[in-house]
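S.K.: Any chance you can model this:
(one chain, ligands or ions: 2)
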Amino acid sequence: MTIRTAEVLVTSPGRNFVTLRITTDDGVVGLGDATVNGRELATVAYLKEHVVPLLIGKDEHNIEDMWQFLYRGAYWRRGPITMAAIAAVDVALWDIKAKIASLPLYQLLGGASRIGALAYGHASGSDTESLFTSIRNHLDQGFKAIRVQTGVPGLGQIYGVAGDQRPGERYDYEPAKRLPLPAEETWDTRAYLRHVPTVFAAVRKEFGPELILLHDGHHRMTPNQAASLGKSLEPYDLFWLEDCTPGENQEGLRRVRSQTTTPLAIGEVFNTVHDYQTLITEQLIDYVRSAVTHTGGISALRKIMDFAAIYQIKSGFHGPTDISPVGQAAQLHLGMAIHNFGIQEYMKHSAETLEVFQTSYTFTDGLLHPGNNPGLGVDYNDELANTFDYTPAYLPVNRLLDGTVHDW
Ligand code: CS2
Ligand code: MG
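M.R.: Ligands and ions are numbered 1, 2, ... in the order given. Have a look, this model is predicted:
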């Protein structure tokens with residue numbers, strides 16, 4: 001029982017994905033996601049040059065040992081590229097282990113703790129009317145929880161606002177533009193802070209008090225501005241306000257937490273449990289936002305969630321389309337098993353992506369389920385994948401009205 005090959009696969013069905021495929025000497029195949037949006041070639045190089053040679057001949061069953069070997073053995077630890085590479089190995093080995101056991105992966109993680117994982121979709125619009133159309137589209141698809149993002153009067157394109165949808169149209173927002181250099185967007189926090197409460201007042205008036213609503217601040221506020229927004233949104237009973245302020249300044253959340261009861265979610269750009277230590281032990285957040293792909297895999301995120309459970313903090317795993325169907329399946333299996341599950345982000349992948357990555361997860365009546373195929377339940381179509389060549393794409397850069405670079 002050893003690892004025979006490890007291939008780093010790059011495909012671009014509408015957006016770039018990096019996938020690690022490990023095959024054992026018995027021919028069992030495991031997949032892992034190593035996609036870092038806008039920096040894909042960095043994880044490709046890290047895997048090809050510094051990880052794959054270390055995998056060949058190793059026992060595929062020793063997942064924890066392999067994780068520690070790749071984490072501590074690199075000496076230079078943590079960071080988005082290293083941890084995405086380790087995540088891909090970890091998830092591929094869990095996929096293999098579950099396939100050998102002929103079980104869906106969640107059965108190896110403790111079995112099902114729920115009938116399905118509550119999912120939230122992304123609704124957006126350049127103005128309130130187009131936002132309402134997007135919300136109705138998501139309600140028609142069965143979503144019970146919806147993230148709300150809109151344009152801000154006076155500003156052009158900003159984070160989170162897809163093109164205005166027509167009734168029934170699929171939500172399609174890929175912020176990483178296929179340009180030789182990052183696109184630049186303009187930002188004005190004061191205009192945003194004036195506008196967002198009016199949007200939620202209108203949404204609540206139109207759709208009522210029960211609909212689960214979320215909002216993503218996307219790292220763009222200071223702790224004081226975040227506290228102000230959290231307070232102004234309290235009447236609209238959000239499920240969470242996400243990334244209200246850059247989470248690296250963990251102490252900054254003390255200011256926000258002391259000023260508002262709006263639930264807080266942070267962590268999609270974090271890579272290890274150390275990024276959360278103060279946030280969790282001081283209960284400064286309510287939801288862990290990490291994705292399996294960015295946090296060192298299932299082995300690492302499961303430990304973070306066990307740590308978070310002590311402080312009654314739940315999961316809200318990151319699930320935009322730049323988390324590949326492999327990464328999404330992995331965190332669905334984890335979400336099915338952990339007790340402190342909260343909600344799962346579900347930005348549906350495009351049809352061409354789902355032709356390359358054939359998945360077994362389902363979305364029914366607002367709940368996701370990973371399916372009961374052995375392993376992750378995802379197959380990779382090489383022939384189709386090879387028809388989509390990698391194309392450089394960068395996430396936008398934000399600048400304030402005076403030209404100063406700002407968080408996007
Ligand atoms: C966003 C992400 O889904 C979210 O919560 O923060 O879509 C983020 O913008 C992308 O992952 C960046 O690639
Ligand atoms: Mg986010």
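S.K.: Quick check: phi and psi on the residue of the stretch 201-350 of the chain found nearest ligand 1?
M.R.: Scanning the stretch 201-350 of the chain for proximity to ligand 1 using Cβ to the nearest ligand atom identifies P320 as nearest, at 3.4 Å. All C-beta spots, glycine's among them, are computed from the backbone N, C-alpha and C. For P320, the backbone dihedrals are phi -80, psi -180 (criterion: degrees, to the nearest 10).
S.K.: In CSV, list the C-alpha atoms belonging to stretch 230-247.
M.R.: Listed in CSV are the C-alpha atoms of stretch 230-247, where the atom choice follows Å, rounded to 0.1, in the frame of the first residue of the first chain:
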residue,chain,number,x,y,z
GLY,A,230,-23.0,45.9,13.0
LYS,A,231,-25.1,48.1,15.2
SER,A,232,-27.0,49.7,12.2
LEU,A,233,-27.8,46.2,10.9
GLU,A,234,-29.2,44.8,14.2
PRO,A,235,-32.8,45.7,13.3
TYR,A,236,-32.5,43.4,10.3
ASP,A,237,-31.5,40.3,12.2
LEU,A,238,-28.6,39.1,10.0
PHE,A,239,-27.4,35.5,10.3
TRP,A,240,-23.9,37.0,10.1
LEU,A,241,-21.8,40.0,9.0
GLU,A,242,-18.7,38.5,7.4
ASP,A,243,-15.1,39.8,7.3
CYS,A,244,-16.3,43.1,8.8
THR,A,245,-12.6,44.1,9.4
PRO,A,246,-9.3,42.4,8.4
GLY,A,247,-9.1,39.4,10.7
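S.K.: ok so, going back, what sits against the nearest residue in space to the residue of the stretch 201-350 of the chain closest to ligand 1 that is not next to it in sequence?
M.R.: Excluding the flanking residues, the one nearest P320 by Cβ to Cβ, 6 or more residues apart in numbering is M347, at 4.6 Å. Residues counted as contacts of M347 (Cβ atoms under 8 Å, 6 or more residues apart in numbering) are G121, H122, Y171, Y173, G319, P320, T321.
S.K.: Please list only the buried members of those.
M.R.: Neighbour counting by 16 or more other Cβ atoms under 10 Å classes G121, H122, Y171, G319, P320, T321 among the contacts of M347 as buried.
S.K.: Looking at those residues, which are in helices?
M.R.: Counting by DSSP state H, no part of those is found in helices.
S.K.: before we move on, the earlier item: closest one of the contacts of M347 to E64?
M.R.: Within these, proximity to E64 (Cβ to Cβ) peaks at G319, which comes in at 25.3 Å.
S.K.: which residue sits closest to the closest one in space, ignoring its chain neighbours?
M.R.: With Cβ to Cβ, 6+ apart as the criterion, G319 has its nearest non-adjacent residue at 3.5 Å, and that residue is E345.
S.K.: so who does the one you found touch?
M.R.: Taking Cβ under 8 Å, 6+ apart as the definition of contact, the neighbours of E345 are A119, Y120, R147, G316, F317, H318, G319, P320.
S.K.: Most neighbours of all those residues, which one?
M.R.: Most neighbours among the contacts of E345, by other Cβ atoms under 10 Å: F317, with 31 neighbours.
S.K.: Can you tell me the closest non-neighbouring residue to that one?
M.R.: Here the nearest residue to F317 in space, its sequence neighbours aside, is Q331; by Cβ to Cβ, 6+ apart that works out to 4.4 Å.
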